[in-house]
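Peer 1: what follows is a predicted structure for the sequence shown.
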Amino acid sequence: MERRTVLKALIAGAAAALAPNTVRAARFSSTLRYLRPPGALAEEDFLARCINCGQCGEVCPNRCIKYFGLENGLGSLDTPYIIPREKGCILCMKCGDVCPTGAIQPVAREAGAILDGVKMGHARVDESLCLSFQGKTCGVCYRACPLPDIAITVGRLEQPHVTDKCVGCGLCERSCIQMPQAIRVIPDRG
Amino acid sequence: MTGQRHKPFFLWRHLNKLRWVSLSIVFAMLVALPFLHLYQTYVAAHAYDLLSPPEARIYDVMEALTQPFVSDPAEDLDAVKGNTWSGTFWGLKLSDPLAALGQMAAGRTLYWPFLVTALIPVVLTALFGRFFCGWICPATFIYELNGNFASWLRWAGFKPGNRHFDKRIKYGVLALGVIGSAMTGSVVVAAVYPPAIIGREIYYVIALGGFGAGMVFFLATLGFDLLVARRGFCRYLCPGGALYALLGRYRVVRIRRIVENCNDCAKCNAICEFGLDPLGDGFGQECNNCSACIAVCPTDALTFTIRPTDIPAQGPGHLGWRYRREAEARVQGGQPAREDKAA
């Protein structure tokens, strides 16, 4: 009888495997602005790989990795996320080393590897909110950036300009002294 | 009866205590790891002077506990991470076979670097059966304490539920979990698997200061065990237990009854958490080798053996009245006066 149950499961699993992918793709759009940990696969592959073991958060020295409840849908239950305004990623890359499933790919902790392997998002400056664009020299985001002059350059009055090398760690958004923040990371979850 | 009585190895009846030690250590580790993680983050931030008094207390205690073993807490304590669902021990990654199965279904691909992390548990299960359920599972720790609580309730006059269902339901839950993982494209079976839930939720409560949906689910299973069926979730619903039972169907190490020593007292059937029938030689794939029946047996009639299948039913125990009556009938050469049909 167990054998029959298992066979049924296999058949049903095969049926599910043949379901059109368009139905699945609709499930991976989200209205929440959150980042996946650095080195994470594109959202659909990430969800398929992640087994919700929680080791990425447990190894994060900055405690920036938190876990979804049901607010982002059942598929995201207990998967890791980062809200950059609460706490940015310091790009220590420990989560990729500890991840058993490769949902977060291991990336070496050096500028070249990080620039190649990490794409959490991209920072965008709102010039109407940014102090430096209002004539008050600030430059805090530039100083918070782990890749200064690569990901952010500053011009007159320390006005920040984000380059396309930005990996989206969120430390600039975390550090912005404006409320609401003048620089924020637009997630790139693939 | 006549002839030499085979005595089981004397330590077997103390294994149940060792099992409790094992369960306690696993659970204690799950509680300690989040605190160690907090300590690591405080160290990494060089923030001792900024800690609140409770945080400073965590720092001091964890520092005292780990100082003899580590020189650089922020790095060295990374050696042990995770939980029974998937964990890292000094570079060795181990995962629950259900995690491997659910991930295979969700991703519809075979990702070997992850699948090999489930290899050691699968081999151990093939040898020892559902041993994870009895010896390691952090949910078992709580469920068995919950069962003791139910005993106290019964003593106090309340009636905990003791309904019985079909043990095969859990294979359906396993199938549903795998299908659900394949359909949603994420490992949703982890959401209904108590040990995975416990591992996560302890971390959430200690390190993140709140609990998630899993805690509600787990409390519901505790209520189910208490009010509806003794050890009901593990017996009838657990998808991981189902997978372990299937993997351990032809386990090599199993418990058997020594019929010459048995007096049919049925304490083994009463103590068995999984509602099995040691008295009738009915262990099957469900037995988790917890050895509670060996510990409770008053006549040393249960022992471990090495064979891939159960011994077929051996009839009544030779120290019991039923066997004696049958023997007398045989001696007199006729049929027993009253054939007792009761099994």
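Peer 2: Great, that's in hand. Everything numeric here is computed off the predicted structure, so don't read it as measured data.

Peer 1: break chain B down into its structural domains.
Peer 2: Using automatic domain parsing, the domain parsing of chain B gives B:83-251, B:255-321.

Peer 1: find the nearest non-adjacent residue to the residue most central in space within chain B, please.
Peer 2: In chain B, the centroid-proximal residue (CA atoms, centre = their mean) is B:Cys133; its distance is 1.8 Å. Nearest non-adjacent residue to B:Cys133, counting by CB to CB, 6 or more residues apart in numbering or on different chains: B:Asn288, 4.3 Å away. C-betas here are computed from N, CA, C, even on glycine.

Peer 1: which residues touch that neighbour?
Peer 2: Listed by CB atoms under 8 Å, 6 or more residues apart in numbering or on different chains, the contact set of B:Asn288 reads B:Gly129, B:Arg130, B:Phe131, B:Phe132, B:Cys133, B:Gly134, B:Trp135, B:Tyr244, B:Phe274.

Peer 1: among those, which are in strands?
Peer 2: Per DSSP state E, strands hold no members of the contacts of B:Asn288.

Peer 1: restricted to helices, list these.
Peer 2: Secondary structure from DSSP state H places B:Phe131, B:Phe132, B:Cys133, B:Gly134, B:Trp135, B:Tyr244 of the contacts of B:Asn288 in helices.

Peer 1: output the domains of chain B in CSV, with mean pLDDT appended to each entry.
Peer 2: CSV is the format used below for those (pLDDT from 0 to 100):
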stretch, mean pLDDT
domain B:83-251, 93
domain B:255-321, 92
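
Peer 1: compare those and give me the one nearest B:Arg330.
Peer 2: Among the domains of chain B, the nearest to B:Arg330 by CB to CB is domain B:255-321 (12.6 Å).

Peer 1: first-to-last residue distance for that closest one?
Peer 2: Terminal residues of domain B:255-321 are spaced 24 Å apart (CA to CA, to the nearest Å).

Peer 1: report all helices and strands that the helix or strand encompassing B:Ser181 contacts.
Peer 2: Per DSSP states H and E: B:Ser181 is located in helix B:169-184. Applying 3 or more CB pairs under 8 Å, 6 or more residues apart in numbering or on different chains; DSSP states H and E, one finds that helix B:169-184 makes contact with helix A:2-17, helix B:97-107, helix B:239-247.

Peer 1: list the contacts of the following helix or strand past it.
Peer 2: The element immediately downstream of helix B:169-184 (helix or strand, assigned by DSSP H and E) is helix B:194-203. Here helix B:194-203 makes contact (CB under 8 Å, 6+ apart) with A:52-54, A:57-58, A:67, A:78, B:30-31, B:33-34, B:37, B:82-85, B:96, B:98-99, B:137-140, B:142-143, B:190-191, B:211-212, B:214-215, B:217-218, B:221, B:233, B:238, B:240.

Peer 1: what residues does the following helix or strand past helix B:194-203 touch?
Peer 2: Proceeding C-terminally, helix B:194-203 gives way to helix B:213-227 as the next helix or strand, assigned by DSSP H and E. Defining contact as CB under 8 Å, 6+ apart, one finds that helix B:213-227 is touched by A:69-70, A:77-78, B:139, B:142-143, B:146-147, B:149-150, B:153, B:160-161, B:191-192, B:194, B:197-198, B:200-201, B:204-205, B:231-233, B:237.

Peer 1: Provide a list of residues in contact with residue 114.
Peer 2: Answering for chain A, as no chain was given. For A:Ile114, the contacting residues are A:Pro38, A:Leu91, A:Met93, A:Val107, A:Ala108, A:Leu147, A:Val167, by CB under 8 Å, 6+ apart.

Peer 1: ah, no, chain B please
Peer 2: Taking CB under 8 Å, 6+ apart as the criterion, B:Phe114 is in contact with A:Arg49, A:Pro100, A:Thr101, A:Gly102, B:Ser95, B:Ala100, B:Gln103.

Peer 1: 10 Å instead?
Peer 2: Residues in contact with B:Phe114 (CB atoms under 10 Å, 6 or more residues apart in numbering or on different chains) are A:49, A:51, A:99-103, B:86, B:93, B:95, B:99-100, B:103-104, B:107.

Peer 1: tell me which element it is part of?
Peer 2: Assignment of secondary structure by DSSP H and E places B:Phe114 within helix B:112-115.

Peer 1: likewise for B:Thr305?
Peer 2: Going by DSSP H and E, B:Thr305 is in strand B:302-306.

Peer 1: which strands and helices sit next to that strand?
Peer 2: When contacts are defined as 3 or more CB pairs under 10 Å, 6 or more residues apart in numbering or on different chains; DSSP states H and E, strand B:302-306 packs onto strand B:253-257, helix B:292-296.

Peer 1: from B:Val216, how far off is A:Leu70?
Peer 2: 10 Å (CB to CB, to the nearest Å).

Peer 1: cool, and B:Gln67?
Peer 2: For B:Gln67, the distance to B:Val216 equals 38 Å [CB to CB].

Peer 1: could you do A:Arg109 as well?
Peer 2: Distance from A:Arg109 to B:Val216, counting by CB to CB: 38 Å.

Peer 1: again, but for B:Glu201
Peer 2: With CB to CB as the criterion, B:Glu201 and B:Val216 are 10 Å apart.

Peer 1: following element in sequence after the worst-scoring helix or strand of chain A on mean pLDDT, please.
Peer 2: Scoring the helices and strands of chain A by mean pLDDT, DSSP states H and E places helix A:21-25 at the bottom, with a mean of 47. Sequence-wise, the next helix or strand downstream of helix A:21-25 (DSSP H and E) is helix A:43-49.

Peer 1: quick one: that following helix near chain B?
Peer 2: Yes - Helix A:43-49 lies within reach of chain B by CB under 10 Å from any CB of the partner chain, at A:Glu43, A:Glu44, A:Asp45, A:Phe46, A:Leu47, A:Ala48, A:Arg49.
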